[in-house]
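Undergrad: all I have is the shape, not the residue letters:
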């Protein structure tokens with residue numbers, strides 16, 4: 001019996017993986033879950049805002065503003081959105097009313113776009129399509145005819 005050390009027989013059983021590693025697994029797992037939830041919620045909110053922006057005509061209005069020579073002279077190029085705006089869309093029996101209000105900027109200044117439109121199906125008629133540059137200058141960009149959406 002002298003050939004065997006007493007330590008071999010008196011060792012405690014080896015702890016399980018969970019008992020050895022729970023102190024780093026739990027916080028890492030919780031943090032990972034929180035990050036995943038934030039990413040999913042952020043993506044959902046971003047997608048929703050983009051959908052409302054498209055449906056309200058905000059993206060189409062920005063394209064029209066970017067191609068308008070008078071606004072290009074005042075603000076310069078490139079003209080882009082300057083933060084978030086407000087967008088509202090209501091649909092009833094195929095009839096759609098939309099409203100968009102968002103800031104724009106260019107190298108020479110800032111402005112604001114306000115549109116209000118209505119239409120049935122794919123046709124859109126602008127009731128209001130104004131661009132305010134600076135504090136006072138207001139340009140009316142309403143087309144004389146309805147625009148077919150693509």
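TA: Cool, got the structure. This is a predicted model, so every value here is computed, not measured.
Undergrad: which residues does the nearest residue to residue 134 once chain neighbours are set aside contact?
TA: Closest residue to residue 134 apart from its sequence neighbours, by CB to CB, 6 or more residues apart in numbering: residue 109 at 6.3 Å. Any C-beta I mention is one placed from the backbone N, CA and C, and that applies to glycine too. Residues near residue 109 by CB atoms under 8 Å, 6 or more residues apart in numbering: 74, 75, 76, 133, 134.
Undergrad: was I right about the fourth one contacting residue 74?
TA: Yes. Distance between residue 133 and residue 74: 4.9 Å, which falls inside the contact criterion (CB atoms under 8 Å).
Undergrad: and for these two, which residues touch both?
TA: In contact with both residue 133 and residue 74: 109, 111, using CB under 8 Å, 6+ apart.
Undergrad: what ranges do the helices span in the protein?
TA: For the chain, helices defined by DSSP state H occupy the ranges 6-10, 17-56, 58-67, 69-75.
Undergrad: a markdown table for the ones you listed, including distance to residue 88, mean pLDDT and mean neighbour count?
TA: Converted to a markdown table, those look like this (distance: least, CB to CB, whole Å; pLDDT from 0 to 100; neighbours: other CB atoms under 10 Å):
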| stretch | distance to residue 88 | mean pLDDT | mean neighbour count |
| --- | --- | --- | --- |
| helix 6-10 | 76 | 57 | 7 |
| helix 17-56 | 7 | 89 | 11 |
| helix 58-67 | 10 | 86 | 18 |
| helix 69-75 | 23 | 87 | 16 |
